[in-house]
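Chemist: Kindly return the folded structure for what I paste below:
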Amino acid sequence: MGKLFGTDGVRGVANTELTGELSYQLGRAGAYVLTKEKKHAPRILVAMDTRISGDMLESALVAGICAVGAHAVLAGVLPTPAVAYLVRQYRLDAGVVISASHNPVEYNGIKFFNEQGYKLSDALEEEIEEIVLSRTEVLPCPTGSAIGTKSYAEEALDDYIAFLRNTTNERFEGIKIALDCANGAAYKAAPIAMLDLGAQLCIIHNGPDGTNINEKCGSTHMEDLAALVKENGADIGFAFDGDADRCLAMDENGHLIDGDKILAICGCDMKQRNALHKNTIVGTVMSNLGLSIMGRENEISVLQANVGDRYVLESMLANGYNLGGEQSGHIIFLDHNSTGDGILTAIQILSVMKRSGKKASELGKIMEVMPQILVNARVNNARKNAYMEVPEIKAAIEALQEKFSADGRVLIRTSGTEPLVRVMIEGKDQEAMEREAKKLAAFIEDKLQ
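Modeler: Model prediction:
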């Protein structure tokens, strides 16, 4: 049996891998699994990003939802975090987003949220997957008036923007902001929210045509934003990804403020306001060493979850923390929303600027980014997870960890989707790190063919 769900829903090339038929089956199975305990006819919110394949997949997905007697509430183009929020706000039974996030236009994806606005557990995804792939479970096939219907959430965008405005007590008059909306789901919500809060804007890549989402723009291509900031004398710039659950920033000099720095900036501000629960930030094993050093200097604990926002969230929920995220800009402010929210992240950074009176470049100095070197070892896929079982590899890794233990660290991890073992070294001597990382990667490749 194959596997449908990856680290963030089901993704694939639209119309070949993620087909209309698969979307229909996911709609049926997802609606059934998420709402089978309900005593009423369930209602499920459906939104999408700006990809040309969204209409096709939405039609099939909605047909699947209605086929099991659930009602689809269509919200149109919305950021992913808007669905997480609106499912709770509208007291709906589940939510679905049709998006492939930062991936190119030919891809699309389907991800589900439960009634509390959280992404699904592995167990629920496996249950949906089992129904779709095995087709052994007989799903409800209501007839007559019991068949599901579709309706439209016409105020969804306005309600989400109102929520964003209410996440801060600050006004942004006097701040000039550059925005890169990635020709994606943020193209309306981000500018309107910022203008409502009093900011002055200059904007690029906010003219989606269905085919230009993430095309050399957004949080994976920051060059245009850096140029926009400097050309317009902006105080700060923000770039989102296609579904606007990520945000990266650019200071007034065109220098990157990545997710780790955002965590540091917002974490220190929250601690000063006694708003940081247990004085703890949840990062990942890939968070820069500089974040941990910042934490020690400011009496903030920095924990490391596995890579992936779902694992960050799991740690936050299990332990009562309210700030976490990834270097990629997927930041979770759990006091406000149940998933990463790019526009919310931008608003929180702007609020820190306003409260502190500091420039973005000054805020960025809270953390020194330590150089990181990442080298991939291409290996036999069947053996990639057994690298520590090879005595010579284990010894080589331990020797390297000892070598960099004083002022750095060595992290070895496998790719979840490719036949790769990733060698990451972090420290101060970039030349030595690069040399040693390449040496170890070549050694691992040789031993795991």
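Chemist: CA only for contacts and neighbour counts going forward, please
Modeler: Will do.
Chemist: What segments of the protein are helices?
Modeler: Ranges of helices within the chain are 20-35, 54-67, 80-89, 122-134, 156-165, 189-196, 223-232, 259-272, 289-297, 309-319, 342-356, 360-364, 391-403, 430-447, based on DSSP state H.
Chemist: tell me the contacts of M222?
Modeler: Neighbour list for M222: A239 [criterion: CA atoms under 8 Å, 6 or more residues apart in numbering].
Chemist: Check the gap between it and D241 for me.
Modeler: The gap separating M222 from D241 is 11 Å, by CA to CA, to the nearest Å.
Chemist: in this structure, which residue is closest to the centre?
Modeler: Per CA atoms, centre = their mean, the C-alpha nearest to the average position across the chain is that of H330, at 4.2 Å.
Chemist: Would you confirm that that one contacts D243?
Modeler: No - H330 lies out of contact with D243 (CA atoms under 8 Å); the separation is 11.3 Å.
Chemist: can you put the helices of the chain in JSON lines and add mean pLDDT?
Modeler: Putting the helices of the chain into JSON lines (pLDDT from 0 to 100) gives the following:
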{"stretch": "helix 20-35", "mean pLDDT": "96"}
{"stretch": "helix 54-67", "mean pLDDT": "98"}
{"stretch": "helix 80-89", "mean pLDDT": "98"}
{"stretch": "helix 122-134", "mean pLDDT": "92"}
{"stretch": "helix 156-165", "mean pLDDT": "98"}
{"stretch": "helix 189-196", "mean pLDDT": "98"}
{"stretch": "helix 223-232", "mean pLDDT": "97"}
{"stretch": "helix 259-272", "mean pLDDT": "98"}
{"stretch": "helix 289-297", "mean pLDDT": "94"}
{"stretch": "helix 309-319", "mean pLDDT": "94"}
{"stretch": "helix 342-356", "mean pLDDT": "98"}
{"stretch": "helix 360-364", "mean pLDDT": "98"}
{"stretch": "helix 391-403", "mean pLDDT": "93"}
{"stretch": "helix 430-447", "mean pLDDT": "93"}
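Chemist: Minimum distance to P104: which of those helices has it?
Modeler: helix 54-67 (13.3 Å; CA to CA).
Chemist: Counting by contacts, list what that closest one packs against.
Modeler: Here helix 54-67 touches helix 20-35, strand 43-48, strand 71-77, strand 94-98, going by 3 or more CA pairs under 8 Å, 6 or more residues apart in numbering; DSSP states H and E.
Chemist: okay, the angle between that helix and strand 94-98?
Modeler: Here the directions of helix 54-67 and strand 94-98 differ by 150 degrees (axes from the mean of the first three to the mean of the last three CA atoms, to 10 degrees).
Chemist: Just the buried residues of helix 54-67, please?
Modeler: Using 16 or more other CA atoms under 10 Å as the test for burial, helix 54-67 gives G54, L57, E58, A60, L61, V62, A63, G64, I65, C66, A67.
Chemist: Bridge partners for the residue nearest to Q304 when sequence neighbours are not counted, pull those for me.
Modeler: Leaving out its chain neighbours, the residue that sits closest to Q304 by CA to CA, 6 or more residues apart in numbering is T284, at 4.2 Å. When bridges are called by DSSP bridges, T284 pairs up with A305.
Chemist: Let me have the helices of the chain in TSV, extended by distance to L374.
Modeler: Below are the helices of the chain laid out as TSV (distance: least, CA to CA, whole Å):
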stretch	distance to L374
helix 20-35	36
helix 54-67	35
helix 80-89	30
helix 122-134	29
helix 156-165	36
helix 189-196	33
helix 223-232	22
helix 259-272	17
helix 289-297	14
helix 309-319	21
helix 342-356	26
helix 360-364	23
helix 391-403	14
helix 430-447	7
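Chemist: correct me, but the residue nearest to Q304 touches R310?
Modeler: No - if you go by CA under 8 Å, T284 and R310 don't touch, sitting 10.8 Å apart.
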